[in-house]
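Asker: Have a look at this prediction, sequence included:
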Amino acid sequence: MQATTQLIHSIPVDPLTGAISVPIYQTSTFVQEAPGVNKGYDYARTGNPTRATLENLVAQLEGGHTGVAFGSGLAAIDAVIKLLQSGDEVIAVDDIYGGAYRLFEQVYRKFGINVTYVDTSNPEAVFNALTPKTKLIWIETPTNPTLKITDIQAIAKIAEVGRAPKSEGRHGSDGKILVCVDNTFASPALQKPLSLGADLVIHSGTKYLGGHSDLIAGLVVTADAELGQKIKFLQNASGAILAPFDSWLLIRGIETLHLRIRQHCASARAIAAFLENHPAVDKVFYPGLPTHPGHSVAARQAKGFGGIVSFTLKVDTREAAKDFVTSTGLFKLAESLGGIKSLVSHPATMTHKTIPEAKRKAAGVADSLIRLSTGLEDTEDLLEDLRQALDRIQVGSGQVLDNAVIAG
Ligand SMILES: Cc1ncc(COP(=O)(O)O)c(C=O)c1O
């Protein structure tokens, strides 16, 4: 049986009523026969049957042992960081999602957890950044928004080698180094980091898994039972659970994930090719382009190149970018990605505004960088929308041509 068929039919039919859609158990507590004698659930923060169905589904989807569903992607990231202790160090991808950066820098640094940001697409840089205190390597691949690709297998190998005792030198940690992959951009329809040696996967379920821009959710999937228990403990202790209705919505989204991703990828590929040939465009970032530095790694570790395309303008100013993002019609200007409707965003002033300018630019997030999330509209319509918006940017001057002037 093919994976998609298996996935769809792993969602159980309700044994009580035969309902083909998972029931939403909208309850806070569960009646017990006697103290501690119950039907597997006692209190809905600890566990809820609708959430449990989602958690099992996503664990299966990622090929992991345990899935845990949170109230947001950031809550999922937060739970993974809470596996650490004061004094531990993290190596993280340099163009990390802005919210994760804020969490590391403005919340956890004051608890004594220090993060070094390196270009994880260069495994040697990761190896050189290891210290005896390194306990976690944090990867996004592709990254948000420059779509940098990291070789997950190579990083997992480095983490393994780095688990040498302190006495063996600078590049040895004095304990296990966990590898966590934020798989939000690829989605498990394309990439399964646990099969490549990662210990944990996190998702902003808000994006491709949900797929309809109608919920906020996060997921952690662990490779083994022990880590799964730890994350479940942290979730129950901290309480950032996903509600039953949102769990149901996310299950419904996952049911069509593979189908949607196919179309997202097809449109993104066409858009990347179009942008490469447009005179107003400077650089195009899409791992599916043979010119992308991570192309061969992405082709090896993922089944497709995803639905996100980023690009910079020849006129590398915030103003030019603003002109573009306010000129598209089908691509709606909004944070987020991975939904049915196409979205456009300007990372320097939106998702990445919390990252200091020098750090942001060093990570490739230029002033004019624009990120597109291709939706499920007709590809030709999307291309036409981009064409008309780009035609408004005057190459080289940074000014927008007034349509009336062009017509005249
Ligand atoms: C790559 C990535 N990871 C995590 C998150 C955080 O997810 P959420 O917004 O669901 O908290 C985002 C949000 O944009 C993201 O793009």
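Answerer: On my side now, so go ahead.

Asker: what does this protein put close to the ligand?
Answerer: 72-74, 97, 99, 140, 144, 182, 184-185, 204, 206, 216, 218 (Cβ under 6 Å from any ligand atom). C-beta coordinates here come from the backbone N, C-alpha and C atoms, glycine included.

Asker: These in strands, which ones?
Answerer: Taking DSSP state E, the ones among these that sit in strands are 140, 182, 204, 218.

Asker: Now, of the residues you listed, which are buried?
Answerer: Among these, those scoring as buried are 140, 182, 204, 218 (criterion: 16 or more other Cβ atoms under 10 Å).

Asker: in terms of contact, does the third one touch T184 like I think?
Answerer: This means S204. Yes: using Cβ atoms under 8 Å, S204 is in contact with T184, at 4.6 Å.

Asker: what's around K82, how many residues?
Answerer: 18 (other Cβ atoms under 10 Å).

Asker: which residues does it contact?
Answerer: Contacts for K82 (Cβ atoms under 8 Å, 6 or more residues apart in numbering) come out as 234, 238.

Asker: likewise L390?
Answerer: L390 sits next to 278, 280-281, 324 when contact means Cβ under 8 Å, 6+ apart.

Asker: ok, the residue in the stretch 201-350 of the chain positioned nearest to the ligand - contacts?
Answerer: Closest approach of the stretch 201-350 of the chain to the ligand (Cβ to the nearest ligand atom) occurs at S204, with a separation of 3.0 Å. Residues in contact with S204 (Cβ under 8 Å, 6+ apart) are 72-74, 76, 182, 184, 217-218.

Asker: give me that answer again for 10 Å
Answerer: By Cβ atoms under 10 Å, 6 or more residues apart in numbering, the contact set of S204 is 70, 72-77, 97, 99-100, 144, 182-185, 210, 216-219, 336-338.

Asker: so it bridges to which residues?
Answerer: G218 (DSSP bridges).

Asker: Now do it, the pLDDT please.
Answerer: As predicted, S204 sits at a pLDDT of 98.

Asker: Buried residues, the helix or strand containing I158. List them.
Answerer: Secondary structure assignment for I158, by DSSP states H and E: helix 152-161. Neighbour-count burial for helix 152-161 flags 152-159 (criterion: 16+ other Cβ under 10 Å).

Asker: all helices of the stretch 101-250 of the chain, in order?
Answerer: Using DSSP state H, counting those that start in this stretch, the helices of the stretch 101-250 of the chain run over residues 123-129, 152-161, 225-238, 244-255.

Asker: If you could redo that for the stretch 251-400 of the chain, that was the one I meant.
Answerer: Assigned by DSSP H, counting those that start in this stretch, the helices in the stretch 251-400 of the chain fall at 257-276, 295-301, 318-325, 357-362, 379-390.

Asker: Distance from the last one to the middle of the chain?
Answerer: Yep, that's helix 379-390 we're talking about. Offset of helix 379-390 from its chain centre (Cα atoms, centre = their mean, to the nearest Å): 26 Å.

Asker: now the angle between helix 257-276 and that helix, please.
Answerer: 40 degrees (axes from the mean of the first three to the mean of the last three Cα atoms, to 10 degrees).

Asker: Flag every buried residue along helix 379-390.
Answerer: Residues of helix 379-390 classed as buried: 379, 382-383, 385-386, 389-390 (neighbour count, 16+ other Cβ under 10 Å).

Asker: Looking at these, which is nearest the ligand?
Answerer: When the buried residues of helix 379-390 are compared for distance to the ligand (Cβ to the nearest ligand atom), L382 wins out at 20.7 Å.
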